[in-house]
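Asker: When you get a sec, could you give me coordinates for this:
(one chain, ligands or ions: 1)
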Amino acid sequence: MAKHVFVTGGVASALGKGLTASSLGRLLKMRGLRVTMQKLDPYINIDPGTMNPFEHGEVFVTDDGGETDLDLGHYERFIDENLTRSSNATTGSIYQAVLAAERRGDYLGRTVQVIPHVTDEIKRRIQRITTEDVDVMITEVGGTVGDIEILPFLESIRQWRNEVGRDNVCYIHVTLVPFIGPSGEQKTKPTQHSVTELRSRGIQPDVIVCRSDQPLSDGLKRKISGQCDVPIRNVINAADVGNIYELPLILHDEGLDTVVCETLRIERELDLSPWQALVARVEAATSPVRIGLIGKYVDLHDAYLSVAESLRHAGFHHGAKVEIEWIQAEEVEGLLADDRMTSLDGIVIPGGFGPRGVEGKIRAAGYAREHGVPCLGLCLGMQVMTVEFARNVLGLDDANSTEFNPATPHPVIDLMNDQREVTDKGGTMRLGAYYAVLQPGSKVSKAYNEPVVSERHRHRYEFNSAYRARFEEAGFLCSGTSPDKRLVEFIELEEHPFWVGTQAHPEFKSRPDRAHPLFRDLIGAALEYRTHRLGVNQVNAQSGAVEHAR
Ligand code: GLN
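Answerer: Residues are numbered from 1 along each chain as shown. Below is the predicted model:
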C-alpha cells in the first residue's frame, strides 16, 4: 500500500513549501522509492490557466495539456518524473465535479455538503493518482492554515490518516521563524500559533520544517519541539540557500528524509551520490554569461520560472553561471538607443499574451538578428521573430500577428480555423504535448539529435503557412513542422550563429542534470559570442589606448 506525506504551510505564504516537498521527493527517490506528487490549491479558479502571471506566476503545462501551478515544475525538475493534470486540483475543479454529480443525480435525495461530499471528492483526487506503482505520494496543500478556503482540504487529509492507519501517513508543517531586528532574535511564536491552528483542525504534525534566513540554534529547536510537541529530531531547519538544488542535501543533513521514513516505517538505503554530483557541477559553473530575458512580467521572476531554470540548467552543462538580465519589453527601444543591449551575450524572448510589450520584443529579435547575438524565441517569442523578419527582411510593411492587429495586411501569425470559433477562455488553447518532425541538418535537428521530438504547447496563434515559401527563399528556415506539415513548430536563420524560435514551450522539459537541447545550444552560442564580444572590446580598448598615447 502506498504511504502518504502531506505538506501544509503556516505563518506566511511563499515559504518554499513546494521546494521542500520536491526536495523530499527527490530524497525518497534516491532511497529507491517510487514517488509521485500532487498540489491541492484552495482557490476557486478551475485551474490557474486564466490567471494573470502577476497573480500567480507561471502556468506550468503538463504533457497531457493541464494548465497547472508552477510548483508542478519544481516537482518535475526535482523528482524527474512527468506529471499529469491530475497532479493539480483546485477548489474550483473539485466543486465542478461535485456539482456535475449532483446534476447527474448521483446524490439523489440527499443534501450535498462540504463534509462528506466535497471532502470525499478531495480524497478521490488523492486516491486517483496513488496508483499501484507508487510507493510514496506527496501531497502539498496550497495556502496557509488559517485560510478560509483551506478547511475542506485539512479535513480530508485529517480523515486520511484515520482511514489508512498511523504508519501510512506523515504530516509535515512548513513554517517561518522570523528574525526580529530590534530584539536581535529569531522568534518561535508564529510557529507555535500556526501549529495550534493546525491542531485545532485535528492534525498534529509529525515534522516541522522551519524556514529562516539564518540557521536555528539547538536551543531554538528545543523550544519549538517543546511548544509543538514534536521530537527535537523532527524539527528541521531549512535556512536560506543561494542555490535551490542544494536544498535536498541540506534537508538530508537536517534529517528530513530519515524522520519521514521513520514515521512511515520505511527502511531503505539512501544513495545521495547522483545529487551530490549535480550540486558539485552547479558549484563549478562559474564562468559568467549574460542573457537578456525580454518579458512583460519581469518584476515577478516567478512568471518566467521554468525559462529561468532552463537557462541555469544549460549553464550547469557548460560550466557557466547564467546571469539573467530581466528586461522590460517596453524599455527595449530606449536601451537600444543608449547602446545598453551590447553587454548581453544572448537573448531569450519568452511566451506571453496581449499586445503590451510586443513591439519591444520585435525590436529585440531584430537587434539579435542584425548583430549575430544568439537568440531563442519561445512561443510568442517565435511569433515576434517571424513578424520581425517579415517586416525588415521581406519588406512586408505592418506585418503582424492578428492577435495584435486583426487588420494587418500581412497576417504572418494567425489563428487556425479551429480556434476561430472558440469563445470560452479556459482550457481552449492548443495545449500539451505535440510531435514535430525536424529538418535534417538544421540547427534544431542537430541540437535534439533526433528526427521527431515532442514538446508542450500553450497557444492559439500559428505561423501562417501561406507565407512559408517567401520566408524560406530569404533564408528563414521552417526547420520543424507538425507531422502533417500544416503547422510550423520551429524556425531558424541559416546565416546566423543561433537565431532559433519554437512555437512550443521547451522550458517545461528541462531538468537540472539534463539541460534542454535548445537552451543548451543557446548558452553554448552565447559563450562563443561573449568570447568574441570581449575580444573585440579588448582590441578596441587597446587601440583606444594607443590613440590616446599618440
Ligand atoms: N499569445 C500567443 C498565442 O496565443 C503566444 C502564446 C504563448 O506565448 N504562450 O499564440
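Asker: The spatially closest residue to residue 269 that is not a sequence neighbour: what secondary structure?
Answerer: Nearest residue to residue 269, sequence neighbours excluded (C-beta to C-beta, 6 or more residues apart in numbering): residue 31, at 6.7 Å. Yep, even glycine has a C-beta here, placed from its N, CA and C like the rest. The three-state label for residue 31, taken from DSSP: H, G, I helix; E, B strand; the rest coil, comes out as coil.
Asker: swap in residue 376?
Answerer: strand.
Asker: With residue 176 as the reference, measure out to it.
Answerer: Distance, residue 376 to residue 176, by C-beta to C-beta, to the nearest Å: 37 Å.
Asker: In terms of neighbours, single out the busier of these two.
Answerer: Comparing residue 376 with residue 176 by other C-beta atoms under 10 Å, the one with more neighbours is residue 376, at 32 against 21.
Asker: is it true that residue 472 touches residue 478?
Answerer: Yes: the pair residue 472 / residue 478 is scored as a contact, 6.4 Å apart, by C-beta atoms under 8 Å.
Asker: Tell me who's in contact with residue 76.
Answerer: Neighbour list for residue 76: 60, 82-83, 508, 511 [criterion: C-beta atoms under 8 Å, 6 or more residues apart in numbering].
Asker: Make a PyMOL selection of whichever of the residues you listed turn out to be buried.
Answerer: In PyMOL, a selection of the buried entries from these looks like this (16 or more other C-beta atoms under 10 Å):
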select buried, resi 60+83+508
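Asker: Looking at per-residue confidence, what score does residue 444 get?
Answerer: Note on residue 444: pLDDT of 98.
Asker: In the stretch 351-500 of the chain, mark out all the helices, start to finish.
Answerer: For the stretch 351-500 of the chain, helices defined by DSSP state H, counting those that start in this stretch occupy the ranges 358-371, 380-392, 417-420, 443-448, 468-473.
Asker: hmm, back to that, so if I had to pick from residue 472 and residue 478, which one is more boxed in?
Answerer: Neighbours per residue (other C-beta under 10 Å) separate residue 472 from residue 478, with residue 478 holding more: 21 against 14.
Asker: quick one: that one and residue 389, what's the gap?
Answerer: 11 Å.
Asker: my guess is residue 44 contacts residue 149, does it?
Answerer: Yes: between residue 44 and residue 149 there is a contact under C-beta under 8 Å: 7.4 Å.
Asker: what touches both of those two?
Answerer: Counting by C-beta under 8 Å, 6+ apart, the residues touching both residue 44 and residue 149 are residue 91.
Asker: on that earlier part again, correct me, but the residue nearest to residue 269 touches residue 267?
Answerer: No: judged on C-beta under 8 Å, residue 31 makes no contact with residue 267 at a distance of 9.2 Å.
Asker: least trustworthy helix or strand in this structure by mean pLDDT?
Answerer: Lowest by mean pLDDT, DSSP states H and E among the helices and strands of the chain is helix 417-420, with a mean of 72.
Asker: Need the contact partners of it.
Answerer: So helix 417-420 is contacted by 428-430, 460-461 (C-beta under 8 Å, 6+ apart).
Asker: now residue 119, nearest residue through space, not along the chain?
Answerer: In space, and not counting its chain neighbours, residue 119 is closest to residue 156: 4.5 Å by C-beta to C-beta, 6+ apart.
Asker: now that neighbour: how far from the ligand?
Answerer: Plainly put, residue 156 is 33 Å away from the ligand if you go by C-beta to the nearest ligand atom, to the nearest Å.
Asker: In a strand, that residue, correct?
Answerer: No: secondary structure of residue 156 (three-state DSSP): helix, not part of a strand.
Asker: Can you name the residues that contact it?
Answerer: Counting by C-beta under 8 Å, 6+ apart, residue 156 touches 119, 122-123, 126.
Asker: Apply 7 Å and report the result again.
Answerer: Residues counted as contacts of residue 156 (C-beta atoms under 7 Å, 6 or more residues apart in numbering) are 119, 122-123.
Asker: same question, residue 201
Answerer: Listed by C-beta under 7 Å, 6+ apart, the contact set of residue 201 reads 154-155, 158.
Asker: Alongside the ligand, which residues does the stretch 351-500 of the chain contribute?
Answerer: Proximity of the stretch 351-500 of the chain to the ligand is confined to 351-353, 379-380, 403, 458-461 under the rule C-beta under 6 Å from any ligand atom.
Asker: count of neighbours near residue 172?
Answerer: Using other C-beta under 10 Å: residue 172 sits among 26 other residues.
Asker: Surely it touches residue 207?
Answerer: Yes: using C-beta atoms under 7 Å, residue 172 is in contact with residue 207, at 4.5 Å.
Asker: Just give the number of residues close to the residue lying closest to residue 49 once chain neighbours are set aside.
Answerer: Closest residue in space to residue 49, ignoring its immediate chain neighbours: residue 67 at 3.3 Å, by C-beta to C-beta, 6+ apart. Residues lying near residue 67 (other C-beta under 10 Å) number 23.
Asker: can you pull the buried residues of the helix or strand hosting residue 199?
Answerer: Using DSSP states H and E, residue 199 sits within helix 189-200. Neighbour-count burial for helix 189-200, with 16+ other C-beta under 10 Å as criterion, is recorded at 191-195, 197-198.
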